[in-house]
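Visitor: Need the 3D shape of this:
(2 chains)
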Amino acid sequence: MGNAFVWSAIYPELLLLGLILALLGLEAAFWPRRPAHNAGYLAVLGGLAALSLALMEWQRGETIWAFHGMLVTDSYSTFADIVLLGNAVLCILLSLQQPPRLGWNKGEFYILLLLSTLGMMLMASAADLLVVFLGFILMLVPLYPLAASARDSVFASEAGIKFFVVGTLSGLLLLYGTGLVYGAAGTTQLQLIGNMLRDAQLQGNDLLLAGAVLVLLGVACQLALVPFHMWAPDVYQGSPLPVTAFLATGPKIAAMVVLMRTISMAFTALQEVWQPLVWVLALTTIIGGNLLALHQRSIKRMLAYVSIGHGGYALLGFAVVNPQGVTGTLFYLCAYALTSVGIFAVLNIYRREDEVTMEIRHYRGLATCHPVLALALAFLMLSLAGLPPTAGFVGKFYVLSAVLEGGYAGLALIAALSSLPAVYCCGKVVVAMYMQQADEDAPSALLAPEPLAVLLLAVLAVLLLGLAPDALLNVVRSTVIAVV
Amino acid sequence: MEFLLSSLVLMPLAGALCIGVSPRRRPGLIKSMGLFFAVCQLGLALLLYIDFDPGISGMQFVERYAWIASMGLYFHLGVDGISLFLVLLTIVLTLLVMLADWPGVEAHLKEYTCAVLALSSALVAAFVALDLLLFYICCEASVLLISFLIGIGGRRRRIYASLHTALYSFAMGLPFLVALLYLADYHRQINGQFHFGVLQLYELTLPLEAQLWPLLAFFFYFAARLALFPLHTWLSTAQVAAPLPLTILLAGVALKVGGYGLLRFCLPLFPEAFYNWSAHIAALATVGIIYGALLAMVQDDLQKVVACASTSQMALVVLGIAALNLQGLQGSLIYMINHGVATAALLLIAGGLYRRFQTQELVRFGGLSQSMPLTAAFFLVALLAFVGLPGLGGFAGVLAILLGSYERFAAHAVMAVLAVILMAWRGADIFQHSMWGEKKATATDMGWRELGPVVSLLLISLWFGFYPGTLLQRTEGAVEQVLVRVGAEVQSEFVEGE
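Guide: From the prediction side, this is the model:
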């Protein structure tokens, strides 16, 4: 069950921690009056360094158990680390150039963002329910101030408070579930719980069952699954755009990754209990999220609801419990993250000063004044709606084919049809850009190099994953062995 | 001619890319580039026609490259008698769209030209795709482009029409996608390979009870594509709102994807279920034929008349396919081709009228033959070709469909004849009220620049009317192949049924 201190298992995490401490020191001692960019660029560089460490770890491809079986570093966790770090770097790049009046991107902004990423990485390699909880809290706590960082706005306070309440609640559910599981099994290590269940020592133990369900629900809150979704639109709306981009992607990926690991390592034997629950959650999320998106006028709220629906699709792949499905889920998350970050990059470029009130109608006439920007956004909207030839389509295709492979044709049909409202919502944006005249109060474009680079990267990646997804799919397929 | 089909598909895409990077400020350059690529595509299409061997009933010019192996997607193309003329039709009509001016799109000329080229590529690819997933992707891409074009260049209620068209097709397309996945997964269970190749899927013999719901998903998808009652409402919305040149591609080609899909996929993949359900399908088609004809009687907008009549005529195609015999199937196929030609000619003239009067409402026209004698003459011929008069292209198709369906569904065929007569009457009525009668409007006659495309289409129609052998000879082998796939079992039942 692994040695005590295998530092080599957590090199990327250690590097990130060092970076955070260094930034904290620099901020406090030397850079209090410097522009925040310095911290931002350093954070990007450090993130890239950690990313390359994670890539090297990926290449070694070892499975290392460390810290008395509390952590496991394998290709699955390394893959998640790479995705999470990449996502964090992109979000930091997005936040570098902001209108100076807003002024929320001070040095601590980047520190908090990196700290949250560290929590997510911890979740990805957690092999113990307590570490899951630790990672969960480490991910959430820095996000509360981030969500509220646009301090003059009343929406920001609302976002901060709501996120704090829901985050605490989900943390409590998770912790309480962990407690119950410990009470039943006498351990919090996922592997040991799984072994006990397999050996039928704990069959029919209601305490364990309740604990497992609570753990699932705690994570479900963070995935914004319907009916635990109410916080998401308000939080997305009140947060500054780069934070929204980060909130919409990072925690979702981390929560999904940890959910798959926890359930498949510890609770596989309880499949007949959690599988129906996951099915119901996934379907209600897909249907609910997409339907609620229909009537949104604010673009951030609309994206929030659509992204809730996407969380449901990602969960759907896992609900089938076959390698194909888990591959689909991971691919889906990557495609979704790239698409979302790209869309938020456009939102960040073409914006009003008061971003809370950005509505879809503000995008009217974008095709005439910024044709390239409009084309990029239209393409990303295609991906968000899951239409070919984009990464979003491949993801949806893969998830649906896994569901069919599992033999659930009816559910696949429902899931497929439920994506229609999302198509409509994304269509509305394209309609506004290409088919309607610009309003008087049209926003202006802030053409800074960093968000443009993020946008270019996202569009190219979405196109590449749409036309030639084989490379990534093969990588994903080799990683999911760890959890299936 | 190894890469003929892929160059047919990719050439317009390359054209769209070239136009995409050319400067927006030079509309003349954009237009002539669009025209250039359309002409090049036509040249390739002529090569295809010349090299096509009528003696072979299977696929020709086959190309197959792995595209996304893990999804089972192959870039698998091939052409046979069923798709040959539909490909040619698409390419000819694309050229006409490029030739036609449309003042509504000046602000978006670049996007418009790119989208028309891409649409041509998507439609050609849909007709030559031998991979069901590729077919699905091309179909959805074509709908997306059509609704985009309606949205940027359309007339009144264009945004509504644009979203309506797109959502209609996607709503029907999603069950279709699930049915595709189901077939591919079934193939994997039997043969261990997850893919969508049509030729391999033909070999699958699904049990009857497993055929039913995929058949329904397929059928309703194609029914929506060819605007079969009760899934026809999008067509008149789209036709009335679309930029005029686009209506030619919409009614002329995009509808045919549905009929083609029925012939190529629905029938051979689910023969027994199709046979069992053919009576219901024929009944639905008959309702559609009559309903469309009745709608065409009362519409007062020329564009809507064409849309409703097309609904009825496409339902006739479905009736011919439901007959499940050589006459019916082949009649449906050649009728679709002729319908495309005749509709395009009619819509070109309708477009000329719109340019002069800013309306297509029939009450506004009257006595036009006095000021526009040439237009009136060709309008008459186009109307006659549209309603299927002997001597013009449509007739052979109608006759074959009616004869074929009479063998199995006599009552349906009789009702269809009534509807056809009704529409012929409506055609005469339209001509009388717009071109003859009280003089309500005058305008300059159409010149040869406008009439040239009309005349060439009418000549094609005339050729097909007098020498239907051109079509019959090339399509027969492929249609027989479909019937063979429908299977001995079905045919024997059919003989017993008689």
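
Visitor: From now on I want contacts and neighbour counts done on CA atoms only, so please keep to that.
Guide: Noted.

Visitor: I'd say residue B:353 and residue B:360 touch.
Guide: Yes. Here residue B:353 reaches residue B:360: they are 7.0 Å apart, a contact under C-alpha atoms under 8 Å.

Visitor: the strands in the chain, which residues?
Guide: All of this refers to chain A. A:64-66, A:71-73, A:350-351, A:444-445 (DSSP state E).

Visitor: Please refer instead to chain B.
Guide: Taking DSSP E as the criterion, chain B carries its strands at B:60-68, B:73-79.

Visitor: With mean neighbour count added, can I get those in JSON lines?
Guide: As requested, the strands of chain B are exported to JSON lines (neighbours: other C-alpha atoms under 10 Å in any protein chain shown):
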{"stretch": "strand B:60-68", "mean neighbour count": "16"}
{"stretch": "strand B:73-79", "mean neighbour count": "22"}
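
Visitor: Dump the ones you listed to CSV, plus distance to chain A.
Guide: Compiled in CSV, the strands of chain B are given as follows (distance: least, C-alpha to the nearest C-alpha, whole Å):
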stretch, distance to chain A
strand B:60-68, 6
strand B:73-79, 11
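
Visitor: What residues does chain B have near chain A?
Guide: Counting by C-alpha under 8 Å from any C-alpha of the partner chain, the residues of chain B lying close to chain A are B:67-71, B:137, B:141, B:151-152, B:159, B:163, B:167, B:170-171, B:174-175, B:178, B:181-182, B:185.

Visitor: Of those residues, keep whichever come out buried.
Guide: Neighbour counting with 16 or more other C-alpha atoms under 10 Å in any protein chain shown marks B:67-68, B:70-71, B:137, B:141, B:151-152, B:159, B:163, B:167, B:170-171, B:174-175, B:178, B:181-182, B:185 as buried within these.

Visitor: can you tell me the residue of the stretch 151-300 of chain A closest to chain B?
Guide: When you check the stretch 151-300 of chain A against chain B by C-alpha to the nearest C-alpha, the closest residue turns out to be residue A:294, at 13.3 Å.

Visitor: State the distance from that residue to residue A:427.
Guide: With the distance defined as C-alpha to C-alpha, to the nearest Å, residue A:294 ends up 11 Å from residue A:427.

Visitor: These two: which has the busier surroundings?
Guide: When neighbours are counted by other C-alpha atoms under 10 Å in any protein chain shown, residue A:427 comes out ahead of the other of residue A:294 and residue A:427, with 22 against 18.

Visitor: mind saving the C-alpha coords of stretch A:295-304 as PDB?
Guide: Backbone C-alpha positions of stretch A:295-304 (Å, rounded to 0.1, in the frame of the first residue of the first chain) are rendered in PDB as follows:
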ATOM      1  CA  HIS A 295     -35.400  31.700 -21.900                       C
ATOM      2  CA  GLN A 296     -32.200  33.300 -20.700                       C
ATOM      3  CA  ARG A 297     -31.400  36.700 -22.100                       C
ATOM      4  CA  SER A 298     -28.100  37.200 -20.200                       C
ATOM      5  CA  ILE A 299     -25.400  35.400 -22.100                       C
ATOM      6  CA  LYS A 300     -23.600  34.300 -18.900                       C
ATOM      7  CA  ARG A 301     -26.800  32.800 -17.500                       C
ATOM      8  CA  MET A 302     -27.500  31.100 -20.700                       C
ATOM      9  CA  LEU A 303     -24.000  29.600 -20.800                       C
ATOM     10  CA  ALA A 304     -24.400  28.600 -17.200                       C
END
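
Visitor: May I see the strands of chain A organised as a markdown table, with mean pLDDT added?
Guide: A markdown table is the format used below for those (pLDDT from 0 to 100):
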| stretch | mean pLDDT |
| --- | --- |
| strand A:64-66 | 87 |
| strand A:71-73 | 91 |
| strand A:350-351 | 84 |
| strand A:444-445 | 79 |
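
Visitor: With respect to burial, which of those strands scores highest?
Guide: By mean neighbour count, with neighbours taken as mean count of other C-alpha atoms under 10 Å in any protein chain shown, strand A:71-73 ranks first of the strands of chain A at a mean of 25.

Visitor: What helices and strands are in contact with that strand?
Guide: Using 3 or more C-alpha pairs under 8 Å, 6 or more residues apart in numbering or on different chains; DSSP states H and E, the elements in contact with strand A:71-73 are strand A:64-66.

Visitor: chain center to the strand it packs on, what's the gap?
Guide: When C-alpha coordinates are averaged (C-alpha atoms, centre = their mean, to the nearest Å), strand A:64-66 and its chain have centres 25 Å apart.

Visitor: by contact count, what packs against that strand?
Guide: The elements that strand A:64-66 packs onto, with contact taken as 3+ C-alpha pairs under 8 Å, 6+ apart, are strand A:71-73.

Visitor: That'll do, ta.
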